[in-house]
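1. Just need the structure, nothing else, for what follows:
(chains A and B)
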Amino acid sequence: MRAVPLIGAVLVIGAAAGFWLTGARGLGAEAQAAIAAAPGDAEAGRLVFHAAGCASCHTAEGAEWSETPVLSGGQTFATEFGTFRAPNVSMHPEAGIGGWTLAQFADAVQAGVSPEGTHYYPAFPYGAYRLATPQDVADLWAFWQGLPASEAESLPHDLRFPFSIRRGVGVWKLAALPESWFSETPGGDPAAARGQYLAEALAHCGECHSPRDALGGIDRGAWLEGAPNPSGSGNIPGITRDQLGWSADEIANYLNDGFTPEFDSAGGHMARVVLNLSRLPAEDREAIAAYLMQVE
Amino acid sequence: MKLLPLAAAAIVVGSTVALAQGDVPAAVKARQGQMQIQSHAISILGGMARGNMEYDAELASQAAQDLRAVSMLSVDLLWPEGTSTEEVQGTRALPAIWSDWEGFLDDWEAFNAAVDAVEAAAPNGLEALQPAIGTLGQSCGACHDDFRQSN
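-> From the prediction side, this is the model:
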């Protein structure tokens, strides 16, 4: 992983030089106002929750799949920067986020900023969630209110210097997050546009299926073209239309039952993605398939 | 008697050299064959569940019986130690299988339970078959998630 020393140097220099620029600021007032004004609907939030795959990371290792999982945290993610551990985000008022306001939740999920005003690491895929609509964020928080509480203590990450300095994430945010969408919005087909929203803003397909550039940002020029597996050996396959070579039906079916056109069964973290997406209405899986058919 | 350990060492060295040159151990080929038969049975059952193929009680039951048959193969014989991605060529079996053998057996148990349900549902119409295939697919995925390397 050649990129690591370079990113390290950039983070240190950047954090020192751009102290103001790299400070942690939440969403703007306008975005917060739109979220506050949206009436939260827990049932709609359930679908946002499954599409966004929050449970894949925030349940304990080996926990059974559930409609209302215990988000006690504890899963570990080995990366070249060290090991991240997903925290407890259950409704427990102290151990989890039960005491948070909607605005604090939105700052965390969409701006990667904590209530204490520090940066979150992008292992938490807020780089995708920042694209979610105010309505979906309000719905998600409404759904969250019905989730169980867990007292489990969040475990610290185990990161190498300089990645252990949260301030450096400010540099990453400036360098690695595009202004808007990662890919071009498909014109003409509303289903494909909905698919882009689901794939980019919620299901964060690009976090796994796209390679990263020298700064650890998603390489937009190689969007969904496949990448080395960050947590070990092997590769995550490319899923552009030509690389995949599947029909839209075959893609939508795979996202539902996990079987490839040859009836092999999805593995790796994709098995969890399928488990989540299988809870969405069929039109949503068809929309994602319509979008993938347009990604070259 | 000093020769014996030496001979043993030679055999061990010899076999790792041979494997490093790309021989795929027989157990690996055999278990991949088992997986291929599972896939074949599911191409019929899943094809029906997806609605790509007309439901046929007779055919569905035959496919379910094939799944039953391969599910009875010996886990010990097909997954011997020393045959992970770190030790031999041509396999996607992760070392986690042997470091978490109990977890691997649990996944086989879940798979066997799912096969039971498919076998029971197969002759009883598409509506009975569909959810059973969903659960079966999840049992394949749960094991591939933890124990199979992505390409």
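2. Around chain B, pick out the residues from the stretch 101-250 of chain A.
-> A:229, A:232, A:233, A:234, A:235, A:236, A:237 (Cβ under 8 Å from any Cβ of the partner chain). Where you see a C-beta, it was placed from the backbone N, CA and C, and this is true even at glycine.
3. Pull the residues that contact the longest helix along chain B.
-> Longest among the helix segments of chain B by residue count, using DSSP state H, is helix B:26-50. Residues outside helix B:26-50 that contact it (Cβ atoms under 8 Å, 6 or more residues apart in numbering or on different chains): A:253, A:257, A:259, A:262-265, B:53-56, B:59-60, B:63-64, B:66-67, B:70, B:73, B:77-80, B:83, B:88, B:90-91, B:93, B:118, B:122, B:126, B:129-130, B:133-134, B:136-137, B:140.
4. quick one: residue A:129 and residue A:202 touch, right?
-> Yes. Between residue A:129 and residue A:202 a contact is recorded at 7.4 Å, counting by Cβ atoms under 8 Å.
5. can you list residues touching both of these two?
-> Common contact partners of residue A:129 and residue A:202 (Cβ under 8 Å, 6+ apart): residue A:52.
6. ok, those two, which is more surrounded?
-> residue A:202 (29 against 24; other Cβ atoms under 10 Å in any protein chain shown).
7. and the gap between that one and residue A:146?
-> For residue A:202, the distance to residue A:146 equals 19 Å [Cβ to Cβ, to the nearest Å].
8. Within the helices and strands, which one has the residue in chain B that chain A sits nearest to?
-> Residue of chain B nearest chain A, by Cβ to the nearest Cβ: residue B:144 (2.7 Å). Using DSSP states H and E, the element containing residue B:144 is helix B:126-147.
9. Return the distance of that helix from the chain's centre.
-> Relative to the chain's own centre, helix B:126-147 is displaced by 14 Å; criterion: Cα atoms, centre = their mean, to the nearest Å.
10. any idea of the angle that helix forms with helix B:26-50?
-> 140 degrees (axes from the mean of the first three to the mean of the last three Cα atoms, to 10 degrees).
11. For the stretch 151-296 of chain A, give me the ranges with low pLDDT.
-> Of all residues in the stretch 151-296 of chain A, those with pLDDT under 70 make up the ranges A:231-232.
12. Going along the chain, name the strands of it.
-> A:158-159, A:227-228, A:235-236 (DSSP state E, counting those that start in this stretch).
13. mind putting those strands in TSV, mean neighbour count and distance to residue B:33 included?
-> As requested, the strands of the stretch 151-296 of chain A are arranged in TSV below (neighbours: other Cβ atoms under 10 Å in any protein chain shown; distance: least, Cβ to Cβ, whole Å):
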stretch	mean neighbour count	distance to residue B:33
strand A:158-159	15	41
strand A:227-228	16	29
strand A:235-236	17	24
